[in-house]
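1. Just a sequence and a predicted model for now, questions to come.
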Amino acid sequence: MSNPLIVPITMPKWGLSMQEGKVVEWLAEEGAQLKLGDQVLDIETEKIANTFEALDAGVLRRIVAQPDEVLPIGALLGVLAPVEVSDAEVDEFITEFQKNYVPPAPAEEGAGDGYQFVEAGDYKLRYSKLGEGERVVILLHGFGGDAAGWLFNQAPLAANATVYALDLPGHGQSSKTLQDSSVQHLAATVVAFMDALEIAKAELVGHSLGGAIALQAAVDHPNRVSALALIGSAGLGAEINAGYINGFIAAESRKEIKPLLEQLVANADLINRTLINDILQFKRIDGVTEALTAIAKGFQDGAGQTVNLRAHLDGLDIPIKVIWGSKDAIIPASHASGLPAKVSVTVLDGFGHLVQLEAAAEVNKLLA
Amino acid sequence: MARKITYQQAINEAIDQEMARDENIVLMGEDVVGGSGSDGEMDAWGGVLGVTKGLYGKYGDRIMDTPISESGFVGAAVGAAASGLRPICELMFIDFMGVCFDQIFNQAAKFRYMFGGKAETPVVIRTMYGAGFRAAAQHSQCLYPLFTHIPGLKVVLPSSPYDVKGLLIQAIRDNDPVIFCEHKVLYTLEGDVPEESYTIPFGEANIVREGDDVTIVAFGRMVQQAMKAAATLAKEGISCEVIDPRTTSPLDEDSILESVENTGRLVVVDEASPRCGMAADISALVARKGFSSLKAPIEVVTPPHTPVPFNGKLEDLYVPNPDKIAAAVRATAGYKA
């Protein structure tokens, strides 16, 4: 039995399709004292390159995986432990871990990508489900996003919960023809999704437009929503970067879309070729431009947001968290101020609109 | 986007979805129905490699077998396009285009210009090209540079199942004549393809792989070969950016020039003959507009200037392969002035 103070750092699973990742560079040295969210190492996958942030506090006692090593998910990268744990114990832990580690079986041909479809309301909706816990969480992406955008969040949250991520109508691989593009209708669609999967009650985590939808769902269907987490959320104030919304709808090429997507993050390196390609592939599908145009009109008018649900927060008798990146260039972090006292507000310094991607460890901790 | 289908299935699906959407679309060519000509689907072959199999049963008279007379049926397709239909015309092998150059070069490509912009010719001419089938000199050529040379034609070289579906739908919806070149070796290539209809704009290159040391511009089947070379070179510490222009006309010059601005080194890979081909064209473009970015001479990887050999060993030597591409990249990466 190894010392419970010893914590392994393992290859994360970023997104449903990730099988392995490459260690690019360690950003912390052996012996460094790490706190939650500290940058530990850069990892590159087929889809994305990102910095792995500490999920636990502790001293980085050992770097196990070397730069350029390609390792399957769950493989040992390094070891955290307090200084009082002896080197021998750390070594023993590593030996034990490596002996017992079994890489996950590679996905079988035709086994699918982990997504499923369900008929809900008037739509075919794509979703993924991870985890088994009694706690049920539904992740709602923002305008132009999809379920895959939660790649740094869904699996960590699923450690002790059943976590769904879905493609809203008009998005991802869900139906592209909308019956109605209002926030109320989209909120009703989320409830229809819950009906279809026989989910009585769930916590809704919404990003951006998804936040407004989550909040609207809680207002309209109070007995179905047990808690809210609103990240860089729409629906809490008037200002919005309309140039981004209109530009995103109109953009047809890599050159047009890249500078727009870079507005979503404080660190523009996150916007890589794969991410841009995925978004262009989505935008090229028949019906998407029409759907996005309609949805955009459902919550803003080119000058500002037209759906303000701030006044409803007082009346909701459920836990509500509001999370924002201080450098959000789409919806300003000032919308996190002046909220009722019962709302737990966290503004994470130095991150942009996609704070759940840029500061995944901190956001996951807040959502846990 | 988890569903994987082949390049060939992606072509079939694009035609199917477009024919269902617009009844003005017709498909014509040698054996596109195939078989004995009865109306059953069972004996309708759907072309020499079965690419259009299954469509005859769905669309009946909108799919027409033509006589072995390219000059006749290509002319008919061009005329039909000029008078309201949107024909997809299959000319089995690009090698046979010679007999209908007038219909393509001098008629289809020129109508818009000769009739004061009032005439449109929304015809797609689908055709197979390329070596690798031991099919000898008359069934293996890469003649797309000839069409790229003609103003008024759009020329498309899809390199993946995803691209072939989106580019074919774009071609069908385009109001100008499009020469749509399908590499026969790619027909069995599998890849992720969305079930829904989508379009890929012409003149937008695909950055297939990002890199900092050397830019590789590759066309059609050569994109796969360049990617294999890039994977090998990555292990040697040479980082390649692989660009697939997707269309030779229009050509996305900016993406090529921007990449060379970053890398300073260029290798162009083309399966067409070297003289007056895409390799020469891209080299000239970069030498002229990107000269100040270049740190080394431009390298090209093409076949020799000979007909495609019938002998299998010689054919394998003829076609550019990952080893030859890697050697060219090493040459430019290691260049010392």
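-> That came through, no problem.

2. drop to CA atoms for contacts and neighbour counts, all remaining ones
-> Fine.

3. Can you tell me the closest non-neighbouring residue to whatever residue of chain A ends up closest to chain B?
-> Residue of chain A nearest chain B, by CA to the nearest CA: residue A:285 (4.0 Å). Of all residues not flanking residue A:285 in the chain, residue B:198 sits nearest, at 4.0 Å (CA to CA, 6 or more residues apart in numbering or on different chains).

4. thinking again about what came up before, on the pLDDT front, check the residue of chain A closest to chain B for me.
-> On the pLDDT scale, residue A:285 is placed at 95.

5. What's the local residue count around the residue nearest to residue A:285?
-> By other CA atoms under 10 Å in any protein chain shown, 24 other residues sit near residue B:198.

6. for it, what are its contacts?
-> A:284, A:285, A:286, B:165, B:166, B:169 (CA atoms under 8 Å, 6 or more residues apart in numbering or on different chains).

7. swap the cut-off to 10 Å and go again
-> Counting by CA atoms under 10 Å, 6 or more residues apart in numbering or on different chains, residue B:198 makes contact with A:281-288, B:14, B:162-163, B:165-170.

8. what's the distance between it and residue A:289?
-> Residue B:198 is 11 Å from residue A:289, where distance means CA to CA, to the nearest Å.

9. Now for the two: what residues contact both?
-> Both residue B:198 and residue A:289 are contacted by A:282, A:283, under the criterion CA under 10 Å, 6+ apart.

10. wait, what's in contact with residue 133?
-> Using chain A here. A:157, A:158, A:159, A:160, A:161, A:162, A:163.

11. oops, I was thinking of chain B
-> Shown in contact with residue B:133 (CA under 10 Å, 6+ apart): B:139, B:140, B:184, B:185, B:310, B:312, B:315.

12. ok, back up a step: tell me the pLDDT of the residue nearest to residue A:285.
-> On the pLDDT scale, residue B:198 gets 97.

13. now do residue A:107
-> Model confidence at residue A:107, expressed as pLDDT, equals 56.

14. Strand partners (parallel or antiparallel) of whichever strand or helix holds residue A:118?
-> Element membership for residue A:118, per DSSP states H and E: strand A:115-120. Here strand A:115-120 is paired, per DSSP bridges, with strand A:123-130 (antiparallel).

15. now could you export just the CA positions of the partner strand as CSV?
-> C-alpha atoms of strand A:123-130 as CSV (Å, rounded to 0.1, in the frame of the first residue of the first chain):
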residue,chain,number,x,y,z
TYR,A,123,-34.7,17.8,-33.1
LYS,A,124,-32.2,15.1,-33.3
LEU,A,125,-29.6,16.0,-30.8
ARG,A,126,-26.1,14.7,-30.5
TYR,A,127,-24.6,14.2,-27.0
SER,A,128,-22.0,12.5,-25.0
LYS,A,129,-22.3,11.0,-21.6
LEU,A,130,-19.5,10.3,-19.2
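
16. Quick one: mean pLDDT over the helix or strand just after that strand.
-> Next in sequence after strand A:123-130, counting helices and strands by DSSP H and E, comes strand A:136-140. In this model, strand A:136-140 carries a mean pLDDT of 98.

17. Residue 164: what's it in contact with?
-> You didn't say which chain, so I picked chain A. Counting by CA under 10 Å, 6+ apart, residue A:164 touches A:127-131, A:136-140, A:147, A:154, A:158, A:202, A:204.

18. To clarify, I was referring to chain B.
-> Contact partners of residue B:164, counting by CA under 10 Å, 6+ apart, are B:6-11, B:14, B:156-158, B:170, B:180-182, B:193, B:199-200, B:246.

19. Can you say which of those are buried?
-> The neighbour count (16 or more other CA atoms under 10 Å in any protein chain shown) marks B:6-11, B:14, B:156-158, B:170, B:180-182, B:193, B:199-200, B:246 as buried among the contacts of residue B:164.

20. Among these, which ones lie close to chain A?
-> Applying CA under 10 Å from any CA of the partner chain, the subset of the buried ones among the contacts of residue B:164 adjacent to chain A comprises B:199, B:200.

21. Mind checking which of the buried ones among the contacts of residue B:164 land in strands?
-> Among these, the residues falling in strands (DSSP state E) are B:6, B:156, B:180, B:181, B:182.

22. And the third one, how far from chain A?
-> Just to be clear, that refers to residue B:180. 20 Å (CA to the nearest CA, to the nearest Å).

23. Please give me every residue in contact with that residue.
-> Contacts of residue B:180 by CA under 10 Å, 6+ apart are B:88-90, B:94, B:124-129, B:144, B:154-158, B:164, B:167-168, B:171-172, B:247.

24. Test my guess that residue A:36 contacts residue A:59.
-> No: using CA atoms under 10 Å, residue A:36 and residue A:59 do not qualify as a contacting pair, with a distance of 11.3 Å.

25. who's more crowded, those two?
-> Legend: neighbour count by other CA under 10 Å for residue A:36 and residue A:59, higher for residue A:59 (20 against 14).

26. before we move on, which element is that one in?
-> Element membership for residue A:59 (DSSP H and E) is strand A:58-63.

27. Please apply the same query to residue B:26.
-> Assigned by DSSP H and E, residue B:26 belongs to strand B:25-29.

28. who does that strand pair up with?
-> Here strand B:25-29 has these sheet partners by DSSP bridges: strand B:63-65 (parallel), strand B:86-93 (parallel).

29. Of all those, which one comes closest to residue B:262?
-> The closest of the strands paired with strand B:25-29 to residue B:262 is strand B:86-93. By CA to CA, the value is 38.6 Å.

30. export the contacts of residue A:133 to a markdown table and tack on neighbour count?
-> Compiled in a markdown table, the contacts of residue A:133 are given as follows (neighbours: other CA atoms under 10 Å in any protein chain shown):
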| residue | neighbour count |
| --- | --- |
| A:157 | 19 |
| A:158 | 20 |
| A:159 | 14 |
| A:160 | 15 |
| A:161 | 19 |
| A:162 | 20 |
| A:163 | 26 |
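
31. who's in contact with the most centrally placed residue in chain A?
-> Nearest residue to the geometric centre of chain A (CA atoms, centre = their mean): residue A:150, 2.8 Å. By CA under 10 Å, 6+ apart, residue A:150 lies in contact with A:14-16, A:139-141, A:165-166, A:207, A:354, A:356-357, A:360.

32. Show me what from chain A comes close to chain B.
-> Residues of chain A lying close to chain B by CA under 10 Å from any CA are A:17, A:68, A:109-115, A:172-173, A:175-176, A:252-255, A:272-274, A:277-278, A:280-288.

33. Give me the subset of these lying in strands.
-> Those of these mapping onto strands are residue A:115, per DSSP E.

34. From residue A:94, how far off is the closest residue to chain A within the stretch 151-300 of chain B?
-> The nearest approach of the stretch 151-300 of chain B to chain A comes at residue B:198, 4.0 Å away (CA to the nearest CA). Separation of residue B:198 from residue A:94 (CA to CA): 50 Å.

35. Any idea how many residues pack against residue 16?
-> All of this refers to chain A. Counted with other CA under 10 Å, the neighbours of residue A:16 add up to 16.

36. could you do chain B instead?
-> Neighbours of residue B:16 under the rule other CA under 10 Å: 16.

37. Ramachandran coordinates for it?
-> phi -60, psi -50 (degrees, to the nearest 10).

38. residue contacts, it?
-> Counted by CA under 10 Å, 6+ apart, residue B:16 has contacts B:10, B:52, B:54, B:55, B:58, B:59.

39. Same question for residue B:135.
-> Remark: with contacts taken as CA under 10 Å, 6+ apart, residue B:135 is in contact with B:141, B:308, B:309, B:310, B:311, B:312, B:315.

40. what do you get for residue A:78?
-> Going by CA under 10 Å, 6+ apart, residue A:78 touches A:7-11, A:30, A:40, A:60-66, A:94.
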